[in-house]
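Trainee: Build me a model:
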Amino acid sequence: MVGGKSVKPRSIVFDLFGDYVRYDDGAAPLQTLTDVLAAFDVPEATTRVVMSRLRKEGWFDTEKQGRSTVYRMTDRSWRLLDEGRKRIFQREREPWDRQWRVVIYHVPETDRGARERVRKKLRWLGFGPLAASTWISPHERLQEVVAGLADEPSVRLDLLTSRSLGAASDVDMAGRCWDLNELHLALLAKRDAYQALLARLTSAPPRGRHALIERTRLVHDYRMLPFDDPDLPLELVPAGWVGRDVHDLFLDLHERLRPEAEQFCASLGIGPLR
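Mentor: Residues are numbered from 1 along each chain as shown. Model (predicted):
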């Protein structure tokens, strides 16, 4: 399996809804969820506590169908999963227009929590810090910034589109916003791990429950990468950059595991094959 860390039940729930339940009207009975999480050795009591907490946080609504309690995605969880899917599964392939999207944010000194949430959101969207409160990205994601920070009333944003003096300046700014050498080493390590996983899946494809576990661990391993990898245009990264190779390997692995994982989920009552 990719990575040595176990996946927390909360993360498993979001992965299940993101990869399977969303294609089944975004709803699943609690008993079905407990059965699926049991495949990850999560006790039923733990699943019930996790789902109750997620409902209280506004990620799910509940409804009764006979004697069953059904958990249904809310608008908030749909937005989260749609945004996550776009950031994880899509990469920019169009030629760069050589324009930088600039976010200058203003947060009261007393609201440190909001400042951290702003920085986290900007990192997730592929922005890097050019200065203390000035973040830039080569991609057109300003409207995503506005939408992502709509619930932060104390935050004021100034959004700009600008162009540098030339290619050398672009490369210099990218190097100041992101530690590209460290990121490249991390990408090389991930590429090697994914190539090893691909070889193993080719020689001994996992079935049923094991395919679901493997696929969930894969998504869990990859989902944190967008926080560190801004998916820069090739003009801005060192020669031999493997970011897109890693992404293509991830997509290949995810698809190879899909049929068995979906079939196993369907056997328990969720997903597009149900």
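
Trainee: Any stretches of the stretch 151-274 of the chain with poor pLDDT?
Mentor: In the predicted model of the stretch 151-274 of the chain, residues 274 satisfy pLDDT under 70.

Trainee: rerun at 90
Mentor: Residue ranges of the stretch 151-274 of the chain with pLDDT under 90: 151, 224, 226, 269-274.

Trainee: for it, what spans make up the strands?
Mentor: Assigned by DSSP state E, counting those that start in this stretch, the strands in the stretch 151-274 of the chain fall at 156-162.

Trainee: mind listing the helices for it?
Mentor: Ranges of helices in the stretch 151-274 of the chain, per DSSP state H, counting those that start in this stretch, are 167-177, 180-203, 208-222, 225-228, 243-268.

Trainee: out of those, nearest to Asp97?
Mentor: Taking CB to CB, helix 167-177 is the member of the helices of the stretch 151-274 of the chain nearest to Asp97, at 11.6 Å. C-beta coordinates here come from the backbone N, C-alpha and C atoms, glycine included.

Trainee: Check which residues of that closest one are buried.
Mentor: Asp170, Val171, Met173, Ala174, Cys177 (16 or more other CB atoms under 10 Å).

Trainee: Quick check: the residue lying closest to the second one once chain neighbours are set aside vs Glu182, distance?
Mentor: So that's Val171. Excluding its sequence neighbours, the residue lying closest to Val171 (CB to CB, 6 or more residues apart in numbering) is Leu236, at 5.9 Å. Distance of Leu236 to Glu182, given as CB to CB, to the nearest Å: 16 Å.

Trainee: for Leu234, same thing?
Mentor: 19 Å.

Trainee: ok but Gly84 is inside a strand, no?
Mentor: No. Under DSSP: H, G, I helix; E, B strand; the rest coil, Gly84 sits outside any strand and is assigned helix.

Trainee: which residues does the residue nearest to it when sequence neighbours are not counted contact?
Mentor: Closest residue in space to Gly84, ignoring its immediate chain neighbours: Gly18 at 6.6 Å, by CB to CB, 6+ apart. With contact set as CB atoms under 8 Å, 6 or more residues apart in numbering, Gly18 has these partners: Leu81, Gly84, Arg85, Val219.

Trainee: And Leu159, by the same measure?
Mentor: Arg101, Val102, Val103, Ile104, Leu142, Val145, Val146.

Trainee: how about Met73, phi and psi?
Mentor: The phi and psi values for Met73, taken as degrees, to the nearest 10, are phi -60, psi 140.

Trainee: burial of the closest residue to it other than its chain neighbours, as a residue count?
Mentor: Excluding the flanking residues, the one nearest Met73 by CB to CB, 6+ apart is Gly26, at 3.9 Å. Neighbour count of Gly26, defined by other CB atoms under 10 Å: 16.
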